[in-house]
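>>> structure, please.
(one chain, ligands or ions: 1)
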Amino acid sequence: MAAESNSKSDILTLEKVREALIKQEDTIISRLIQRANFPLNSPAYDEGKFPSFPGSLLQFVVKETEALQSKVGRYESPEEHPFFPESLPPSLLPLPANPPVLHPAAGSININEKIWEFYFDELLPLFAAPGDDGSYASTASSDLDCLQAISRRIHYGYYVAEVKFKGSPQDYEPAIHDQDRDSLMKLLTFVDVEEMVKKRVEKKAKVFGQEVSLVDNANAKTDKHNASEKYKVDPSVVSRLYEEWIMPLTKLVQVEYLLRRLD
Ligand SMILES: O=C(O)C(=O)C[C@]1(C(=O)O)C=C[C@@H](O)C=C1
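Numbers count the residues shown, from 1 in each chain. Purely as a prediction, here's the structure:
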């Protein structure tokens with residue numbers, strides 16, 4: 001079944017979708033900076049640490065927050081996916097009146113498990129300082145803010161794939177018919193764009209993450225040895241986040257979506 005042709009999908013352009021991705025960079029970087037205000041706070045992640053919760057404090061915060069957000073319609077947007085989709089309450093709001101822009105396949109592609117894994121196992125230790133200040137609730141909420149912003153960005157790949165497909169169906173259709181992942185991956189990859197994204201997010205991390213002081217401190221500014229310490233989150237970690245995880249997973253979402261695009 002093909003996605004409906006309608007005014008909203010007709011005005012969706014690659015330029016507009018890329019603009020949306022650029023705005024989301026601001027959200028992701030700001031949330032990482034917010035999380036970096038707290039140390040690692042590992043008891044928040046230990047299952048059974050607080051007997052009042054069945055799993056970890058983090059899991060409790062995520063599940064309860066997602067249940068509330070589900071009731072107010074968060075997961076009715078195709079790019080929003082819960083981390084604990086099991087037994088979520090339904091939305092209490094009426095369904096959106098707009099006709100769908102995406103193929104219904106989008107609803108079945110949720111790669112949040114991969115996002116959860118890299119965030120806690122690999123990314124977090126790179127930018128949260130070791131230590132425990134006891135502020136577990138704020139830490140868990142802040143983790144969920146980061147996870148949701150990253151997840152939304154990655155699942156936005158549906159829209160990128162849709163505009164690319166609509167722009168040149170003749171290029172994509174043979175690879176979709178053959179279910180050829182490698183060809184799809186080649187077709188949708190723009191190495192020059194990826195290079196720009198990495199440079200831009202690194203620069204944004206420098207601008208957003210500066211320590212602001214009313215006293216000019218010329219020494220601190222020129223001290224190259226302390227370059228990464230000057231920023232609230234190391235800019236090279238943000239660039240690495242995009243290079244190793246966000247862009248490859250956005251491409252994975254695009255491939256998964258395109259494989260089902262002609263169903
Ligand atoms: O801008 C695109 O064309 C995208 O597909 C998005 C994106 C990204 O995740 O930033 C992913 C793949 C491309 O190689 C370039 C950039």
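
>>> what score does the nearest residue to residue 259 once chain neighbours are set aside have for pLDDT?
Nearest residue to residue 259, sequence neighbours excluded (CB to CB, 6 or more residues apart in numbering): residue 179, at 5.9 Å. (Glycine included, C-beta is placed from N, CA and C.) Looking at residue 179, its pLDDT reads 98.

>>> what of the one 3 residues further on?
Note on residue 182: pLDDT of 98.

>>> just residue 59 next, same as before
Reported pLDDT for residue 59: 96.

>>> what number of residues lie near it?
The local packing of residue 59 (other CB atoms under 10 Å) involves 17 other residues.

>>> kindly report the same for the one 5 residues further on.
Counted with other CB under 10 Å, the burial measure for residue 64 works out to 12 neighbours.

>>> mind listing what it touches?
Not one residue lies near residue 64 by CB atoms under 8 Å, 6 or more residues apart in numbering.

>>> buried sites along the helix or strand where it lies?
Here residue 64 sits within helix 57-71, counting by DSSP states H and E. Using 16 or more other CB atoms under 10 Å as the test for burial, helix 57-71 gives 57, 58, 59, 60, 61, 62, 63, 65, 66, 69, 70.

>>> past that helix, which element shows up next along the chain?
That would be, after helix 57-71 and using DSSP H and E, helix 112-118.

>>> tell me which element the spatially most central residue of the chain falls in.
Taking CA atoms, centre = their mean, the centroid of the chain lies closest to residue 150, which sits 1.5 Å from it. Here residue 150 sits within helix 136-155, counting by DSSP H and E.

>>> and that helix, what does it pack onto?
helix 14-35, helix 57-71, helix 112-118, helix 247-259 (3 or more CB pairs under 8 Å, 6 or more residues apart in numbering; DSSP states H and E).
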